[in-house]
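**Q** Can you look at this prediction? I've put the sequence above it.
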Amino acid sequence: MDLPRSTLCSGDRATAEQSYPQALTVARPQSAKLFELRAAISLGRLWRDQGKRIEARDLLAPIYGWFPEGFDTPVLRDAKALLDALA
């Protein structure tokens, strides 16, 4: 899942925007919820920066909702902060 981040850091937002959904597609059938959440956070941030706040929230909220505990972990804190910013 490092490809999208490195791609985004290099300034290629279009490639990053294509890579994040691919990461979600790979994570879902593997039930890799944490990786799916991380990809959703990254895509959500990208969409937020593009003004796609509703799309970002609609993507992230249900994935965040799968987690019944661990809300003090960095990834869940990041997800919550992004959701709060999108509200």
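**A** That came through fine.

**Q** Please count neighbours and contacts with C-alpha atoms only from this point.
**A** Will do.

**Q** what ranges do the helices span in this protein?
**A** All helices of the chain, identified by DSSP state H, fall at 2-9, 13-27, 33-49, 53-65, 74-86.

**Q** now these in CSV, with mean neighbour count?
**A** CSV is the format used below for the helices of the chain (neighbours: other C-alpha atoms under 10 Å):
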stretch, mean neighbour count
helix 2-9, 15
helix 13-27, 17
helix 33-49, 21
helix 53-65, 17
helix 74-86, 16
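
**Q** Make CSV out of these and add mean pLDDT.
**A** Below are the helices of the chain laid out as CSV (pLDDT from 0 to 100):
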stretch, mean pLDDT
helix 2-9, 48
helix 13-27, 86
helix 33-49, 95
helix 53-65, 97
helix 74-86, 97
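
**Q** How much space separates the nearest residue to Ile63 once chain neighbours are set aside from Gly44?
**A** In space, and not counting its chain neighbours, Ile63 is closest to Leu37: 6.2 Å by C-alpha to C-alpha, 6 or more residues apart in numbering. Applying C-alpha to C-alpha, to the nearest Å, the value for Leu37 to Gly44 is 10 Å.
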